[in-house]
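Peer 1: Compute the structure for the input listed below.
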Amino acid sequence: ADCKAKVVISAERLMDPATGHNENRKIGLLLNQTGGISDYLINDSAWDCLYDLLIGNNTEGAAAEEMAGYEDYRIREGFETRKHAVSTRHLTKMIEQLTRLINKYSASDAET
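Peer 2: A predicted model of the protein is given here:
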């Protein structure tokens, strides 16, 4: 499998209304080039509108009336509502990936 980064996004930039449209577009463009997903994407002319509905004009993270049931991390309070169940297998994979990246970027050879 091709395990190279396709696009780099920033969660902070995505959640910032000043830079969020650009970050959102990066995601949309990548998904638009991804087989099996591109057939189900909304038209790119609606991406900014959807971003505004979910994030840009929704500073509290609560569901707008037309988005009943949507809540993002901004509305959660306390540890119990923010925690995510992670399987041992998933946690092990995350540790392996982080270790690989630490080793890669700690190496003195820029090509490794």
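Peer 1: what ranges of the chain fall below the confidence cut-off?
Peer 2: 1-2, 61-64, 66-74, 76, 78-83, 109-112 (pLDDT under 70).
Peer 1: pull the longest helix from this protein.
Peer 2: The longest helix of the chain (DSSP state H) is helix 88-106.
Peer 1: Would you mind extracting the C-alpha trace of it into CSV?
Peer 2: Presented in CSV, the C-alpha positions along helix 88-106 are these (Å, rounded to 0.1, in the frame of the first residue of the first chain):
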residue,chain,number,x,y,z
THR,A,88,-5.6,-2.6,22.7
ARG,A,89,-5.0,-3.4,19.1
HIS,A,90,-5.6,0.2,18.0
LEU,A,91,-3.5,1.6,20.9
THR,A,92,-0.7,-0.7,19.9
LYS,A,93,-0.9,0.5,16.3
MET,A,94,-0.8,4.1,17.4
ILE,A,95,2.3,3.5,19.6
GLU,A,96,4.0,1.7,16.7
GLN,A,97,3.3,4.6,14.3
LEU,A,98,4.4,7.2,16.8
THR,A,99,7.6,5.3,17.5
ARG,A,100,8.3,5.0,13.8
LEU,A,101,7.8,8.7,13.3
ILE,A,102,9.9,9.7,16.3
ASN,A,103,12.7,7.4,14.9
LYS,A,104,12.3,8.7,11.4
TYR,A,105,12.4,12.4,12.3
SER,A,106,15.1,12.0,14.9
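Peer 1: what about the helices in this structure?
Peer 2: Using DSSP H, helices in the chain cover 11-15, 20-32, 47-51, 78-82, 88-106.
Peer 1: For Glu65, which of those is the nearest?
Peer 2: helix 47-51 (15.6 Å; Cβ to Cβ). Using the backbone N, CA and C atoms, a C-beta is placed for each residue, glycine as well.
Peer 1: That's all I had, so thanks and see you.
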